[in-house]
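Asks: here's my sequence, what's the structure:
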Amino acid sequence: MPKHQSFQKSYIYTALWLAILGGFSLGAHIAMPMGFGWNLPPFYHIWVQTHGHLQLLGWTGLFIIGVSLYFMPRFVKVPLPYQFLTKWILILITTGLIIKTGALFTIPYLEVGTIQSFLTYLVRVSAGLEWIGVFLYVFLLVTLFKRKPRNYEGLKSVQPFFVLMATGFLLYASLHIVQYFIYDAAGRMPWSSMTTDIFFMLVLFPVAFAFSVRTFPLFIQIPPFRVSFFWFGIAYGLSAVTCITGAFHDLPLQLDALAKILISCIILILIYHLKLIPKMILSPRLFMIRYYGEKYLNDRIDSGAFTRARPGYYDFGQYGRFELLIFSAYIWLAIFAGLEILRSVSQITALSIPFGHDPVRHVFLLGFITLLIFGMAQRMLPGFLKKKGLWSRRIVGWTFILGNLAVLGRVLPMLIPQRWVAGVPEVHQWLMYWFGMSGSFAILALILLLVNLWRTFRG
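Replies: Next up is the predicted model:
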């Protein structure tokens, strides 16, 4: 019988290096001139598109793929088929990202000729490499799910979310190939925005929520879920497909707005069922009495488990205060849902809002997804490699502080109405300085995360 494959930490290292040297560095190079009033980098649209693609497929995408290739086979109780393909998935996607980034930044500086034509062809080849890597990943997931035990019920509740994830990965990669064959750099801007929304709605939230449902009862000691999320997943998927369809065909504005409002309401309902707010507010004793019962608490106290472990958790503190990152991530997700409701309402009413789509996207990607990765990586990955704790618990606290400083700096100046600070120009100036430094805070947090995981994996 084939055995389960060991955890491929090369995915995590690659995702972190691509984020530090690529996606977040580009974002910092865009934010700093805007915050400090300097000239924007030449060919600004290339920077924006490449930054977004590296963040989605390079940073979050490779992290999700690496973790899911280890977690999903154990979840469905079947070893991963065709395990030799895992290294090829990483090689193909990483090679495609590196080649594409280098070519896209070189093409604008060249005159029309043979070299520019060759680099344009190379960009298309790199998009093909990424697509092959994503296709192999989806192929492995589909094959794995087909081999799961026939009567296995553990997957049913979150199956719609994993189906959306696989579909979103493939659709995102496919549309990237199409846009590089059809449009030039300027014409790709609307497509880049559209594919970003597809990745957000079909990949990032579904996979983040599905993993939260399956791991939070163990990692942060919340009660097992008493509701099935299957129909929530179906409703979310139909709403997301409606929004995506509107990007290809004109739909009534009211329908698009209602679909986005429904998505946001589903997100808020799912957050409620995770019981993270009571976990943050109540003391460990009150939380356990409310959701587990007083007898369960007394049994844990009598056995010594309640006092040996951190009260309210199963660990002994060897992973630091990782839960702060998870709590803050879901607070940002709730803020995202609220902002999306406001934006959607403003589309169909006379309501005027002082912010656009950009800060809302960064609330989701930087606030929710990145902080959730920070928290789950430092809690979950040591266990994948059979390590008993993190190298540094203090670094967990610093990633929490720097990560939230980055989010606040990136979105707060864009969300606050200008009239609120118009009379105090010094406040507006400092907010913009904070905006300019937001990328640097994020890079520092990533470097600390990389160091902590690297030393933990080696120990």
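
Asks: got any ranges where the stretch 1-150 of the chain has weak pLDDT?
Replies: Scanning the stretch 1-150 of the chain for pLDDT under 70 picks out 1.

Asks: show me where it has its helices.
Replies: For the stretch 1-150 of the chain, applying DSSP state H, counting those that start in this stretch gives helices covering 9-18, 24-36, 44-53, 62-76, 85-106, 114-146.

Asks: nearest to residue 332, of these?
Replies: helix 24-36 (16.8 Å; Cβ to Cβ). From N, CA and C alone the C-beta is placed, and that goes for glycine too.

Asks: check which helices and strands the closest one sits against.
Replies: helix 44-53, helix 425-458 (3 or more Cβ pairs under 8 Å, 6 or more residues apart in numbering; DSSP states H and E).

Asks: lowest-confidence stretch among those?
Replies: In terms of average pLDDT, helix 44-53 trails the rest of those, at a mean of 86.

Asks: in that helix, which residues are buried?
Replies: Buried positions in helix 44-53, judged by neighbour count with 16 or more other Cβ atoms under 10 Å: 46, 47, 48, 49, 50, 51, 52, 53.

Asks: in the host helix or strand of residue 232, which residues are buried?
Replies: In this structure, residue 232 is located in helix 230-248 according to DSSP states H and E. Within helix 230-248, the residues that qualify as buried are 232, 233, 235, 236, 237, 239, 240, 242, 243, 244, 246, 247, counting by 16+ other Cβ under 10 Å.

Asks: can I get the helices and strands packed on helix 24-36 in JSON lines with distance to residue 332?
Replies: Below are the helices and strands packed on helix 24-36 laid out as JSON lines (distance: least, Cβ to Cβ, whole Å):
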{"stretch": "helix 44-53", "distance to residue 332": "19"}
{"stretch": "helix 425-458", "distance to residue 332": "14"}
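
Asks: so for residue 212, which of those helices sits nearest?
Replies: helix 425-458 (19.2 Å).

Asks: residue 18 contacts residue 51, correct?
Replies: No. With contacts counted by Cβ atoms under 8 Å, residue 18 stays clear of residue 51, the gap being 11.5 Å.

Asks: returning to what we had before: closest one to residue 220 among the helices and strands packed on helix 24-36?
Replies: Among the helices and strands packed on helix 24-36, the nearest to residue 220 by Cβ to Cβ is helix 425-458 (19.0 Å).

Asks: which outside residues touch the helix holding residue 232?
Replies: 156-161, 163-164, 194, 197-198, 201-202, 205-206, 251, 255-256, 259-260, 262-263, 266, 269-270 (Cβ atoms under 8 Å, 6 or more residues apart in numbering).

Asks: find the residue at the geometric middle of the protein.
Replies: residue 369 (3.2 Å; Cα atoms, centre = their mean).

Asks: wait, it touches residue 206, no?
Replies: No. Between residue 369 and residue 206 there is no contact, the gap being 11.8 Å when judged by Cβ under 8 Å.

Asks: quickly find the element holding the residue in the chain sticking out farthest from the centre.
Replies: For the chain, the residue at maximal distance from the C-alpha centroid (Cα atoms, centre = their mean) is residue 302, at 40.5 Å. In this assignment (DSSP H and E), residue 302 forms part of helix 294-303.

Asks: go on, residue 171?
Replies: Under the criterion of DSSP H and E, residue 171 resides in helix 159-182.

Asks: may I have that helix as CSV, with CA atoms only?
Replies: Written as CSV, here are the backbone C-alpha positions of helix 159-182 (Å, rounded to 0.1, in the frame of the first residue of the first chain):
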residue,chain,number,x,y,z
GLN,A,159,-17.1,19.8,-0.2
PRO,A,160,-18.6,22.7,-2.1
PHE,A,161,-15.8,25.0,-0.8
PHE,A,162,-13.1,22.6,-2.1
VAL,A,163,-14.9,22.3,-5.5
LEU,A,164,-15.0,26.1,-5.8
MET,A,165,-11.3,26.2,-4.9
ALA,A,166,-10.3,23.7,-7.6
THR,A,167,-12.5,25.4,-10.2
GLY,A,168,-11.2,28.8,-9.3
PHE,A,169,-7.5,27.8,-9.6
LEU,A,170,-8.1,26.4,-13.1
LEU,A,171,-10.3,29.3,-14.3
TYR,A,172,-7.8,31.8,-13.0
ALA,A,173,-4.8,30.1,-14.8
SER,A,174,-6.9,29.7,-18.0
LEU,A,175,-7.9,33.3,-18.2
HIS,A,176,-4.3,34.4,-17.7
ILE,A,177,-3.3,32.4,-20.8
VAL,A,178,-6.1,34.0,-22.8
GLN,A,179,-5.3,37.6,-21.8
TYR,A,180,-1.6,37.3,-22.7
PHE,A,181,-2.5,36.0,-26.2
ILE,A,182,-5.2,38.6,-26.9
